[in-house]
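J.: would you be able to build a 3D model of this:
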Amino acid sequence: MRVDTVVVSTQHTEDILDRSGSKITDKSKKEIEAAAIFPAIKKWMDKDTKVLINPTGKFVIGGPQSDTGMTGRKIIVDTYGGRCPHGGGAFSGKDPTKVDRSAAYMARYIAKNIVAAKLAKECTVQLAYAIGKDEPVGFYVDTDGTGKISDQKLAQIARKIFPMTPRGIIEYFKLRNPIYLQTAAYGHFGRKELPWEATDKVKALQAAAK
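T.: Prediction:
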């Protein structure tokens with residue numbers, strides 16, 4: 001067991017920015033490693049572990065002011081309520097290049113197809129990204145013990161069948177088209193006519209599982 005990638009995106013004050021004013025100093029990054037990363041996972045880290053601290057750069061303004069777009073709604077409101085684990089972001093009001101939105105749609109799509117293929121009775125899909133990295137830095141399938149094959153095998157199969165880069169998801173679901181009007185109220189999931197609700201990968205999943 002080892003940790004491959006660590007991503008920490010933390011809000012901060014202006015006084016730890018470097019001279020360019022666009023990113024935090026290396027000294028501050030080392031302080032974050034010492035205070036937040038090493039105490040939790042250092043024993044699983046090695047020389048090849050990638051540590052990405054605030055990869056997007058400056059992060060002075062945070063919270064709902066910077067994260068909820070025009071709607072003020074967080075992901076938990078627009079998806080499953082308290083039924084499933086959620087990220088802390090938002091997707092209403094954001095364009096589909098933001099993985100808060102596009103990857104949440106893809107996670108829904110993957111999970112629905114796994115259940116529709118009768119490979120599990122229930123399924124949670126987790127996708128994790130780092131800004132500046134095209135491929136997801138984490139992809140996990142959890143069937144809560146209901147899977148017909150292992151969660152790891154399901155993840156391997158899904159990785160080959162479904163596009164998971166932001167560009168791939170946008171093109172696959174045609175997310176630049178004007179399809180969002182009906183998501184303005186009552187959430188984004190459960191509307192059968194939206195592309196991430198389709199269960200058209202059932203045969204591909206079943207064939208791969210064999």
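J.: secondary structure class for the closest residue to Val51 other than its chain neighbours?
T.: Leaving aside its chain neighbours, Val51 sits nearest to Val6 (5.0 Å; criterion: C-beta to C-beta, 6 or more residues apart in numbering). C-beta here means a position set from N, CA and C on the backbone, and glycine is covered the same way. Following DSSP: H, G, I helix; E, B strand; the rest coil, we place Val6 in the strand state.
J.: residues near Val6, how many?
T.: 19 (other C-beta atoms under 10 Å).
J.: look up how far Ile110 lies from it.
T.: Val6 sits 24 Å away from Ile110 when distances are taken as C-beta to C-beta, to the nearest Å.
J.: please apply the same query to Glu193.
T.: 19 Å.
J.: between the two, who's got more neighbours?
T.: For Glu193 and Ile110, the more surrounded residue by other C-beta under 10 Å is Ile110, and the numbers stand at 25 against 8.
J.: hang on, that one in a helix?
T.: Yes - applying three-state DSSP, one finds Ile110 inside a helix.
J.: what's the next secondary structure element after the lowest-mean-pLDDT helix or strand in the chain?
T.: When each helix and strand of the chain is scored by mean pLDDT, DSSP states H and E, helix 64-67 comes last, with a mean of 70. Proceeding N to C from helix 64-67, the next assigned helix or strand is helix 75-78, under DSSP states H and E.
J.: what residues does that next one touch?
T.: Helix 75-78 has contacts (C-beta atoms under 8 Å, 6 or more residues apart in numbering) with 82, 86-92, 100, 104, 183, 187-189.
J.: the same query, at a cut-off of 6 Å, please.
T.: For helix 75-78, contacts defined as C-beta atoms under 6 Å, 6 or more residues apart in numbering pick out His86, Gly87, Gly89, Ala90, Ser92, Gly187, His188.
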